[in-house]
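Q: no FASTA, just this:
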């Protein structure tokens with residue numbers, strides 16, 4: 001029977017999946033990202049905290065998704081992409097790792113990001 005895994009993880013971080021067979025695998029990730037946040041103050045001209053008068057442009061999520069086979073990166077998303085997909089040839093016992101990260105504060109809030117990971121053997 002072909003390997004199939006569907007799982008949802010909350011928050012940024014790493015998820016490891018050990019594949020049971022030597023085969024080709026399709027790895028898909030669907031991300032639920034925080035809505036764009038409008039800052040409460042515009043940034044000052046010198047890069048300071050701001051003037052306190054009005055907001056700036058909305059700031060979109062900056063989550064980056066990496067898909068790795070063992071320690072080798074096979075896929076890197078653009079910042080803020082809501083999905084990722086790649087075919088990977090793997091050997092039994094190899095580890096497929098999905099890594100989500102961001103330096104943006106809104107992305108690092110508890111339960112701000114949900115990732116649904118689907119892996120299937122074909």
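A: That came through, no problem. Keep in mind the model is a prediction, meaning the values are calculated, not measured.

Q: how far out from the middle of the chain is the helix or strand harbouring residue 31?
A: According to DSSP states H and E, residue 31 maps onto strand 23-32. With C-alpha atoms, centre = their mean, to the nearest Å as the basis, strand 23-32 stands 12 Å off its chain's centre.

Q: could you list the buried residues of it?
A: Applying a neighbour-count criterion of 16 or more other C-beta atoms under 10 Å, one finds 23, 25, 27-29, 31 buried in strand 23-32. From N, CA and C alone the C-beta is placed, and that goes for glycine too.

Q: strand partners of that strand, parallel vs antiparallel please.
A: strand 83-90 (antiparallel), strand 114-121 (antiparallel) (DSSP bridges).

Q: nearest to residue 90 among the buried residues of strand 23-32?
A: residue 25 (5.6 Å; C-beta to C-beta).

Q: what's the spacing between the closest one and residue 63?
A: 23 Å (C-beta to C-beta, to the nearest Å).

Q: just residue 113 next, same as before
A: Noted for residue 113: a distance of 6 Å to residue 63, by C-beta to C-beta.

Q: pLDDT weak spots in the chain?
A: 38-56 (pLDDT under 70).

Q: would you map the strands across it?
A: Using DSSP state E, the strands found in the chain span residues 4-10, 13-18, 23-32, 64-69, 72-76, 83-90, 95-101, 114-121.

Q: need these in TSV (columns: distance to residue 58).
A: Below are the strands of the chain laid out as TSV (distance: least, C-beta to C-beta, whole Å):
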stretch	distance to residue 58
strand 4-10	23
strand 13-18	25
strand 23-32	18
strand 64-69	19
strand 72-76	24
strand 83-90	21
strand 95-101	21
strand 114-121	21
